[in-house]
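Structure here, sequence nowhere to be found:
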């Protein structure tokens, strides 16, 4: 039996595993120090009442023979798809229900989507970016080109026709940099993709954090996108579903390559390899896509954004270059004193007891940068920022 | 961009889709006829109290900041793994917690496991069998050998050393035939796999239906299995979780090929492409693996088994050859009057308003056979059997 040899090309140290090991070591050595984690992008506020109540009701249904539900449609119940449809309509994006696929994670779908593509595609992956794009392409044995994101292009790289790509990954608002493509930028990517006969995989997991009205939440707000893009979105960050698991993937029926519909390919993939999201969870997710649910999740997002404001204000005062924080829960800062990103991680942990994410974990261009997240609770974030300030000023001496 | 051309080799008509279209047509033509479905293998009894109560408690935790949970471990929480461990210990199978992977469906895992295997493996797939094994291997472009199951071997085919396989699929209790390998049969498969340096993918989704004490529920009850097998199991049929979604996959740490651990490969696959089962659902599943939960699910299984008894008794009286029903919710019957399996499907639907599954849907050797399931409610099953009897006797005239 032959194993998938591509696995041996994966980076051995999975980023967050390495971080958690370093934290464990630190806790062993300094058991009294209180660590504040602004590292992994996990939420801290509870599920909103609307979702909890809907799931309680669904649970009661599951406990009675008359209302019990077995297998649901692999691609999700219509009641939830209608909620997603309503959510997109608010931004003037019209979707048919069968263009919406409910799933248990944007990560899962952005990873599993490679099943429908052939071998020997060339994938264009931003550097730095969320590591899952890279790792899943390595596992699939795809050829990888890196899209250089850096200070010069404000970490929003634009297409270059000299680069011939088949599969283009865009993440906006970006993880880790927090930057967002505007409509003009996305239009250029769409024109490029159509010209190259390439597909854009658009990760919109953080769209709910966009504050500036002019910025697109969905690539389908831009003309031409339905001919070249698949969009992945999730309730993980929008509604605190990281431990509850519900996401949605949009594949327009217009999206065809060689006359063949990608929607058909994905439907076949999902009916064969997936059995749908738990009924109870889908009812919770449905409740998010109501006026009441939206009001409640908007409150949580406002709470996180206030954290982001606290962090970015401190960085401004310290005169540290950064991106993000305005339309995103992520703040991407330059390390002080030109420390490497792991050096700064170690200093910040040992001196301040604050955990962030070394930029290098997101790609070579992340060297010299550091990611902080706004998902902590307010008191911790204020305290972490004060410790960060002291640590940086101490480095300055 | 290149699509996965293997998809074009898939059978266009997904079995259950074709069945549901035929039912729709029939309902349109004969709107007054009450159809009884003994087709798709979906459960009908509600979740047990133990699971419902555990999930209610978990929901309350998710609604409070102090007890809220975000991302869980991709491979499942220890509290649930300990439950699975306890369940295996009852049959003298010792497992470490990190040999247990919690997932959202045995179908998903049995499909996704191919990610860790290389290209150009030869897969040995029983005919007839659950169609997902075949379809996922076609999608992956693997070479496929068929393992001939038929009346001569009582639908329990044994290994043949002339067949060189890398990946061996065994499903026991079998879907669709309901037959179960005994320890001697499994030992032969294990010896064969070790000799061939092949892996056995053992689908035990229906193990909870085994009545005869001497029959193995897990392949790991048999010596040598930890060196050559991965086992997939699920709460779907054991505890009515088809719409609630929780399963577990066992990959022993001893399982190595060329010195490399398949447990490590799958861990990397899951951490990269999966984010775990919802916390709420895992708490519900945990409750199944307690004395109280076991008592409750055993009651449901007894209910279904009584249905199976009703069906098999009628077939005996009609002198129709069948397998299954004793250690399985499935009854696999020969079609009367040598009808093809789709002919019998059409007759049974139009004459009796009873839906079963044509054997051909499970492979070429399923021609001339038909699958009935015991998952209906008792009244319907009794009524369906009475209609089936009339229909068969009518054919006899």
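Perfect, I can see it now. On a predicted model such as this, the values are computed, not experimentally measured, just so you know.

Tell me which other helices or strands the one helix or strand in chain A whose mean pLDDT sits lowest touches.
Lowest on mean pLDDT, DSSP states H and E among the helices and strands of chain A sits helix A:15-29, with a mean of 88. Packing contacts for helix A:15-29, counted by 3 or more Cβ pairs under 8 Å, 6 or more residues apart in numbering or on different chains; DSSP states H and E, involve helix A:341-347, strand A:357-358. The C-beta positions use only the backbone N, C-alpha and C, and glycine is treated the same way.

Now do the contacts for residue A:170.
When contacts are counted by Cβ atoms under 8 Å, 6 or more residues apart in numbering or on different chains, residue A:170 is found next to A:126, A:181, A:186, A:189, A:200-203, A:219.

in the stretch 51-200 of chain A, which spans are helices?
For the stretch 51-200 of chain A, helices defined by DSSP state H, counting those that start in this stretch occupy the ranges A:78-89, A:106-112, A:131-140, A:183-196.

ok, back up a step: which one of the contacts of residue A:170 sits closest to residue B:7?
Taking Cβ to Cβ as the measure, residue B:7 lies nearest residue A:201 of the contacts of residue A:170, at 18.3 Å.

my guess is that closest one contacts residue A:169, does it?
Yes. Between residue A:201 and residue A:169 there is a contact under Cβ atoms under 8 Å: 5.2 Å.

Spit out the residues that contact those two alike.
With contacts taken as Cβ under 8 Å, 6+ apart, residue A:201 and residue A:169 have residue A:133 as neighbours in common.

Enumerate the residues of the stretch 51-200 of chain A near chain B.
Residues of the stretch 51-200 of chain A lying near chain B by Cβ under 8 Å from any Cβ of the partner chain: A:52, A:55-56, A:59-60, A:62-65, A:68-72, A:104-105, A:107-108, A:111-112, A:115-121, A:132, A:135-136, A:139, A:166-167, A:197-199.

pLDDT weak spots in the stretch 251-397 of chain A?
Under the criterion pLDDT under 70, the flagged ranges of the stretch 251-397 of chain A are A:397.

Could I get the phi/psi values of the residue of it at minimum distance from chain B?
At 3.9 Å from chain B, residue A:273 is the closest residue in the stretch 251-397 of chain A, using Cβ to the nearest Cβ. In terms of degrees, to the nearest 10, the main-chain angles of residue A:273 are phi -110, psi 0.

Report the contact partners of it.
For residue A:273, the contacting residues are A:112, A:115, B:107-108, B:111-112, B:132, B:136, by Cβ under 8 Å, 6+ apart.

With distance to residue A:352 and pLDDT as extra columns, can I get the residues you listed in CSV?
Output for those, formatted as CSV (distance: Cβ to Cβ, whole Å; pLDDT from 0 to 100):
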residue, distance to residue A:352, pLDDT
A:112, 39, 98
A:115, 44, 98
B:107, 47, 97
B:108, 42, 98
B:111, 46, 98
B:112, 41, 98
B:132, 51, 95
B:136, 49, 97
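
Mind putting these into TSV with neighbour count and distance to residue A:241?
TSV is the format used below for the contacts of residue A:273 (neighbours: other Cβ atoms under 10 Å in any protein chain shown; distance: Cβ to Cβ, whole Å):
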residue	neighbour count	distance to residue A:241
A:112	24	18
A:115	24	24
B:107	23	23
B:108	24	19
B:111	24	24
B:112	24	22
B:132	19	28
B:136	24	28
